[in-house]
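Participant: give me a 3D structure for the following:
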Amino acid sequence: MQLNDILGVIIVYAYVAFLLVLTEKWLSKKDTMVSRKLLHIMVGNIAFLLPLFVTREIMAFVAAAPFIVLTYLISPFSPFRKVRDRLSKTGHGLGLVYYAIAWTVLAYVFFDHKEIIAMGILAMSYGDGFASILGIKYGTKTYKIFSDRKSYIGSISMFLFTILLLEIALLYYQVPTQLLTFPMLLVLAGVATLTEGLTPKGLDNLSVPFVVAVLYWYFQYYLGVM
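Facilitator: Purely as a prediction, here's the structure:
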């Protein structure tokens with residue numbers, strides 16, 4: 001493990017611990033659902049810490065994978081009842097577990113293209129997070145696909161925030177853009193929004209980052225149009 005990897009692991013763990021404490025001690029007193037979604041969103045800032053890592057296995061299996069176990073232990077499905085996090089009892093109980101799984105897989109598969117990992121994480125965190133917050137607050141008109149009810153405001157928010165954060169990811173990772181870059185970002189955001197709308201029971205925390213990452217890879221590195 002190199003020095004940069006050690007620093008990356010320390011910062012990631014410290015940041016997530018800070019968010020958990022902040023959400024539980026302060027934000028949760030105001031609105032449990034909003035607190036959970038804000039945690040969902042803010043964890044996405046890990047996407048900007050990826051350049052710290054220089055070793056694939058460290059990022060995937062030391063920085064990311066342990067959170068699969070941790071988030072399961074604080075979920076409503078935890079075998080340790082006393083340590084269950086009450087924030088996980090709102091919404092989909094395994095959402096944060098899926099979140100950690102997605103980051104682990106993306107970190108290992110796309111380590112050499114960290115902007116792809118970031119785009120998957122940001123679409124999932126900011127896009128899906130703000131879709132839930134704004135959809136719950138302002139989404140009076142809804143639709144239902146499979147077992148989950150979604151709002152039109154939420155889906156529009158998902159689309160717009162996904163475009164914004166994908167563009168920020170490209171800028172942050174200094175990815176050269178082409179004439180077709182923005183149209184392709186529109187396609188990515190549209191597919192991410194459709195995926196979020198079609199995916200039931202919190203599984204969008206898996207489906208959205210994987211779909212965005214694979215589709216971006218296809219556009220950028222296979223077709224060469226971004």
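Participant: looking at this protein, which helix is longest?
Facilitator: helix 3-25 (DSSP state H).
Participant: who does that helix touch, helix- and strand-wise?
Facilitator: The contact analysis (3 or more C-beta pairs under 8 Å, 6 or more residues apart in numbering; DSSP states H and E) places helix 3-25 against helix 32-43. No exception for glycine: its C-beta is placed from N, CA and C like everyone else's.
Participant: state the mean pLDDT of the helix it packs on.
Facilitator: Confidence for helix 32-43, expressed as mean pLDDT, is 80.
Participant: quick one: secondary structure of residue 143?
Facilitator: strand (DSSP: H, G, I helix; E, B strand; the rest coil).
Participant: got the CA coordinates for the longest helix of the chain in PDB?
Facilitator: Written as PDB, here are the backbone C-alpha positions of helix 3-25 (Å, rounded to 0.1, in the frame of the first residue of the first chain):
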ATOM      1  CA  LEU A   3       1.300   6.600   0.800                       C
ATOM      2  CA  ASN A   4      -1.400   8.000  -1.400                       C
ATOM      3  CA  ASP A   5      -3.500   4.900  -0.900                       C
ATOM      4  CA  ILE A   6      -3.200   5.200   2.900                       C
ATOM      5  CA  LEU A   7      -4.200   8.800   2.700                       C
ATOM      6  CA  GLY A   8      -7.100   8.000   0.500                       C
ATOM      7  CA  VAL A   9      -8.400   5.400   2.800                       C
ATOM      8  CA  ILE A  10      -8.100   7.600   5.800                       C
ATOM      9  CA  ILE A  11      -9.900  10.500   4.200                       C
ATOM     10  CA  VAL A  12     -12.700   8.300   2.800                       C
ATOM     11  CA  TYR A  13     -13.300   6.700   6.200                       C
ATOM     12  CA  ALA A  14     -13.100  10.000   8.100                       C
ATOM     13  CA  TYR A  15     -15.500  11.700   5.600                       C
ATOM     14  CA  VAL A  16     -18.100   8.900   5.800                       C
ATOM     15  CA  ALA A  17     -17.900   8.800   9.600                       C
ATOM     16  CA  PHE A  18     -18.400  12.600   9.700                       C
ATOM     17  CA  LEU A  19     -21.500  12.300   7.500                       C
ATOM     18  CA  LEU A  20     -23.000   9.500   9.600                       C
ATOM     19  CA  VAL A  21     -22.500  11.500  12.800                       C
ATOM     20  CA  LEU A  22     -23.800  14.700  11.200                       C
ATOM     21  CA  THR A  23     -26.800  13.000   9.800                       C
ATOM     22  CA  GLU A  24     -27.700  11.200  13.000                       C
ATOM     23  CA  LYS A  25     -27.000  13.900  15.500                       C
END
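Participant: run a quick neighbour tally on residue 72.
Facilitator: For residue 72, the number of neighbouring residues by other C-beta atoms under 10 Å comes to 17.
Participant: wait, it sits on residue 99?
Facilitator: No - contact status for residue 72 versus residue 99: not in contact, 11.3 Å apart, counting by C-beta atoms under 8 Å.
Participant: and stretch 165-185, which residues are buried?
Facilitator: Of the residues in stretch 165-185, those scored as buried under the neighbour-count criterion (16 or more other C-beta atoms under 10 Å) are 165-170, 172-173, 175, 181, 184-185.
Participant: stretch 2-15 now?
Facilitator: Buried residues in stretch 2-15 (16+ other C-beta under 10 Å): 5, 8-9, 12.
Participant: hmm, who's touching it?
Facilitator: 45-46, 49, 52-55, 58-59, 62-63 (C-beta atoms under 8 Å, 6 or more residues apart in numbering).
Participant: mind listing the helices for this structure?
Facilitator: Secondary structure of the chain, counting by DSSP H: helices at 3-25, 32-43, 56-57, 66-73, 95-109, 114-122, 128-138, 152-172, 181-198, 204-217.
Participant: alright, calling it a day.
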